[in-house]
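Chemist: can't give you the sequence, but here's the structure:
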């Protein structure tokens, strides 16, 4: 979660675009990597649900805090 937040924050600070698109692209990469991890290594169901819900939220929070 911290990686998605920090990556989106840095992307929002570095990019010149006022949109959420670049920061959410970073969050999407983290979600894709997490899905691969969840498929290849068995995890409890609650961990899967929490990871897939909180990663986009962390990316969104990082992008909004990075733009301000």
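Modeler: In hand now; what should we look at? Because the structure is predicted, anything quoted here is derived from the model rather than measured. Numbering: from 1, shown residues only.
Chemist: grab the nearest non-local neighbour of residue 3.
Modeler: Closest residue in space to residue 3, ignoring its immediate chain neighbours: residue 30 at 6.3 Å, by Cβ to Cβ, 6 or more residues apart in numbering. (C-beta placed from N, C-alpha, C; glycine too.)
Chemist: what helices or strands is the longest helix belonging to the chain leaning on?
Modeler: Longest helix in the chain by number of residues (criterion: DSSP state H): helix 45-67. Contact analysis of helix 45-67 by 3 or more Cβ pairs under 8 Å, 6 or more residues apart in numbering; DSSP states H and E lists helix 2-14, helix 21-40 as its packing neighbours.
Chemist: buried residues in that helix?
Modeler: Neighbour-count burial for helix 45-67, counted by 16 or more other Cβ atoms under 10 Å, picks out 48, 51, 55, 56, 58, 59, 60, 61, 62, 63, 66.
Chemist: ok, which pair from those residues is furthest apart?
Modeler: Maximum pairwise distance among the buried residues of helix 45-67 (Cβ to Cβ): 27.6 Å, between 48 and 66.
Chemist: hmm, back to that, what would the helices and strands packed on helix 45-67 look like in TSV with mean neighbour count and mean pLDDT?
Modeler: TSV is the format used below for the helices and strands packed on helix 45-67 (neighbours: other Cβ atoms under 10 Å; pLDDT from 0 to 100):
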stretch	mean neighbour count	mean pLDDT
helix 2-14	19	90
helix 21-40	15	90
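Chemist: now do stretch 27-35: everything it contacts.
Modeler: Residues outside stretch 27-35 that contact it (Cβ atoms under 8 Å, 6 or more residues apart in numbering) are 3-4, 7-8, 51-52, 55-56, 58-60, 62-63.
Chemist: can you check stretch 51-64 too?
Modeler: Under Cβ under 8 Å, 6+ apart, the answer for stretch 51-64 is 1-2, 4-9, 11-12, 20, 23-24, 26-28, 30-31, 34-35, 38, 43.
Chemist: average model confidence for it?
Modeler: Averaged across stretch 51-64, pLDDT comes to 90.
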